[in-house]
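In: Dropping the sequence and predicted coords here.
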Amino acid sequence: MSLAAQIDRAQTSNPAVRTSVRFGPALQVLSVRSINSAWRDGDLISGALTPVIFFVCFYVPLHGQFDRSGIDYAQYLAPVILLQTGLFTAIMAAQNAGIDAAAGVRDRLTSLPISRSVPTFARMSVVIVMSLISTSGGLVIGSVFGFRFDTTPVEIAAFVLLVVVFALALSLLTDALGSVITNAESVGQALMIPQLILVMLSTGIVPAGAFPEWVQPVVRNSPVSQFADALRALSTGSDFDATAPILWAIGLLVAGGAAAGVVGRRTASR
């Protein structure tokens, strides 16, 4: 029996078929199924349109003030739009994990002869695809309003990689949260608040100097600010200190991986 057939049966009858399946083939099957599901549900289309909507909503009312100050607001704004779509991708990951957990899909998949980490990796494959699609949408709308890369291909690749890592690291955390709190709607609503705070208390939309002095240290050192500043530097070929964004990326990935591991062990022990 193929792995795909085993998964189909697991979603309906929880079979006790226990033949070893290698990590690679198992991941491929579940990843394709997850991506196809995201396409059918409209998540991938939403991922392409979300940065367009966000960019227009921020650029139209604010660009005049920045233009008068001699700042190219399209160049300034594009990085945080990509990061914000990464935050929304993480919220989607939490909701999808909650839906799977509530429907019993996660528990039934544990009956299959595959590594316990495969379902999580498969869900993260959707996050990566979604992030790449959102990044493409954000760069297209940004270029319409004047965003340009003035740098090398290596730095462009690093720019895209940093956006994907940001979305992936946060999605590992939110996926674990959604797997524990199985009410997908409640999880999505709850995560909207920290998402909003992270974006608004950052240098993504306006410079740190626009904030009250007492909160400026928080704004400058927030993860969104560190990633946004790094993306701006990468897009223009400017020198910057990569220490902070790299440390944030490593820290978020480690925290996300640890959370996924804890949830995986908890599920396997049931």
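Out: Great, that's in hand.
In: Let me know the pLDDT of the most centrally placed residue in the chain.
Out: Centrality entry for the chain: nearest residue to the mean C-alpha point is Ala167, 2.4 Å, by CA atoms, centre = their mean. pLDDT for Ala167: 95.
In: That one contacts Gln84, doesn't it?
Out: No. Under the criterion of CB atoms under 8 Å, Ala167 is not in contact with Gln84, lying 10.3 Å apart. All C-beta spots, glycine's among them, are computed from the backbone N, C-alpha and C.
In: The nearest residue to the residue nearest to the centre of the chain once chain neighbours are set aside - how many residues pack around it?
Out: Excluding its sequence neighbours, the residue lying closest to Ala167 (CB to CB, 6 or more residues apart in numbering) is Gly86, at 3.4 Å. Other residues lying near Gly86 total 30 when counted by other CB atoms under 10 Å.
In: Pull out the buried residues from the helix or strand where the residue nearest to the centre of the chain lies.
Out: Counting by DSSP states H and E, the element that carries Ala167 is helix 153-180. Buried residues in helix 153-180, defined by neighbour count with 16 or more other CB atoms under 10 Å: 155, 158-160, 162-180.
In: got it, and stretch 205-219?
Out: Residues of stretch 205-219 classed as buried by neighbour count (16+ other CB under 10 Å): 205-208, 211, 219.
In: likewise stretch 195-207?
Out: Residues of stretch 195-207 classed as buried: 195, 198-199, 202-207 (neighbour count, 16+ other CB under 10 Å).
In: what does that stretch rub up against?
Out: If you take CB atoms under 8 Å, 6 or more residues apart in numbering as the criterion, stretch 195-207 is touched by 58, 62, 77, 79-80, 83-84, 87-88, 91, 211, 215, 218-220, 222-225, 228-229.
In: Tell me how far stretch 36-44 lies from the chain's centre.
Out: Chain-centre distance of stretch 36-44: 16 Å, with CA atoms, centre = their mean, to the nearest Å.
In: Please read the previous query as pertaining to stretch 201-210.
Out: Computed by CA atoms, centre = their mean, the chain-centroid distance of stretch 201-210 equals 22 Å.
In: Now that stretch: average pLDDT?
Out: Mean pLDDT, stretch 201-210: 90.
In: quick thing: my sequence starts at 286, can you match it?
Out: In the new numbering, first residue 286, that becomes stretch 486-495.
In: Gln380 and Leu455, how far apart?
Out: The gap separating Gln380 from Leu455 is 14 Å, by CB to CB, to the nearest Å.
In: Also Val314?
Out: 26 Å.
In: What of Gly389?
Out: For Gly389, the distance to Leu455 - CB to CB - is 26 Å.
In: any chance you could map the strands in the stretch 286-435 of the chain?
Out: Under the criterion DSSP state E, counting those that start in this stretch, the stretch 286-435 of the chain contains no strands.
In: which regions of it sit below the pLDDT cut-off?
Out: By pLDDT under 70, the weakly predicted segments of the stretch 286-435 of the chain are 286-306, 388, 390-392, 394-398.
In: where exactly do the helices run in it?
Out: For the stretch 286-435 of the chain, helices defined by DSSP state H, counting those that start in this stretch occupy the ranges 288-295, 308-325, 328-353, 358-388, 390-394, 403-429.
In: OK, contacts around the nearest residue to Thr521 once chain neighbours are set aside?
Out: Closest residue in space to Thr521, ignoring its immediate chain neighbours: Asp435 at 5.2 Å, by CB to CB, 6+ apart. By CB under 8 Å, 6+ apart, the residues touching Asp435 are 520-522.
In: For Asp435, give me phi and psi.
Out: The phi and psi values for Asp435, taken as degrees, to the nearest 10, are phi -120, psi 70.
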